[in-house]
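Colleague: Let me see the structure of the following:
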Amino acid sequence: MFEDAIEKVGNFTRPVFSIMRTYGSAKILPSSSTLFFVNEEGFAVTTKGTAKMIMDASAIEEKYLKFKEAKKQLLQQAEAEAADTALEELLKSLEKEYEYEENTITQMKIRFVDCVDALSGIQCRFHPKADVAILKLDGFNQINYSGYATFAAEEQEIRQGKFLCRLGFPFPEFTNYMYDAQRDEIAWTNEGNRTSPRFPSEGMVTRFIGADNQIAGIEMSTPGFTGQNGGPLFDAKGIVYGMQSSTGSLSFGHCVHADVIKQFLEKEEVQYYTDSNQPSIKLEPLDLSYIIAKNTGKLQ
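Modeller: The predicted structure is shown next:
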């Protein structure tokens, strides 16, 4: 039923892989999430959680680099002064200053898989209420995805009982990372598995979620999976009706309605396309000078 649609939608749906570790631990924690592109200019949509993780990555890395440098200076000072007895207290004080505890994330690195040929940074705009964020990839010469989302036109009513499919990357099976104990650093490598399988899951529309006097969300009969967050919800023709959202330990299959996404794209003047017989919506590119979040750190 969805065979051709999965191939079509898979061309513009991509995983976002992350690796992280917590303070004092050498264990690397991999995770994955999803985004999908809405035009050929590097604009994509995803959930707020995914976007926030991307935006936070560089700040987390920079903070830990400063901590390591401060710690290095403490150790050098203690060695010069033979003040081993006070070192432990000084280190505890430094940890308190940087707010580092056992489960604090100290390093996080992000990788965009098969999105663009090069990436110098990424810019983001968050929806004020809905679980939607717009991403703009910067610094590329060539896109590595093909096609873009075709949203259902507003006049197409979604009815209870309609079967739709989700697509995302819930299983982080990539292994191309390592921990360098000498440098106290996690890193991506060229060895190991660099991909994870895309995973479709279908369901029936069961009910709708209202907000601000409009239908804002779609509930499905089957739950989504963590990692599918930010992935498209589409029909057997590959027409996008929404985006997977709110997955967790207890998921009710909630998706953001396509109309909410389209309205946000229009507000931010980002070009997108629908299956309407009318000409594709063509808007001026988003003025990114006022974007509230920007990441120009180590993105790949």
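Colleague: Residue 31: what's it in contact with?
Modeller: 17, 18, 19, 20, 172, 227 (Cβ atoms under 8 Å, 6 or more residues apart in numbering). Where C-beta positions appear, they are placed from N, C-alpha and C, glycine not excepted.
Colleague: can you check residue 135 too?
Modeller: 35, 43, 44, 45, 46, 51, 54, 122, 123, 124.
Colleague: Which of these sits closest to residue 214?
Modeller: residue 45 (18.2 Å; Cβ to Cβ).
Colleague: I figured that closest one hits residue 243, correct?
Modeller: Yes. With contact defined as Cβ atoms under 8 Å, residue 45 counts as touching residue 243 (6.4 Å).
Colleague: top of the contacts of residue 135 by neighbour count?
Modeller: When neighbours are taken as other Cβ atoms under 10 Å, the top entry among these is residue 35 (30 neighbours).
Colleague: Residue 133 - nearest residue in space that isn't next to it in sequence?
Modeller: Spatial nearest neighbour of residue 133, excluding adjacent residues (Cβ to Cβ, 6 or more residues apart in numbering): residue 51 at 3.5 Å.
Colleague: Name the helix or strand for that neighbour, please.
Modeller: helix 48-81 (DSSP states H and E).
Colleague: Quick one: mean pLDDT for the following helix or strand past that helix?
Modeller: Sequence order places helix 84-98 as the next helix or strand after helix 48-81, per DSSP H and E. Across helix 84-98, the average pLDDT comes to 84.
Colleague: Number the chain from 487, please
Modeller: Let's use 487 as the start, then, which means that last one is helix 570-584.
Colleague: From the chain's centroid, how far away is the next helix or strand along the chain from helix 570-584?
Modeller: Moving toward the C-terminus from helix 570-584, the next helix or strand (DSSP H and E) is strand 591-598. Remark: strand 591-598 is offset 12 Å from the chain centroid, using Cα atoms, centre = their mean, to the nearest Å.
Colleague: elements contacting strand 591-598?
Modeller: Judged by 3 or more Cβ pairs under 8 Å, 6 or more residues apart in numbering; DSSP states H and E, strand 591-598 is in contact with strand 499-508, helix 534-567, strand 671-674.
Colleague: can you give me the mean pLDDT across the second one?
Modeller: Looking back up the chat, that one is helix 534-567. Confidence for helix 534-567, expressed as mean pLDDT, is 89.
Colleague: List the residues that contact residue 559.
Modeller: By Cβ under 8 Å, 6+ apart, no residues touch residue 559.
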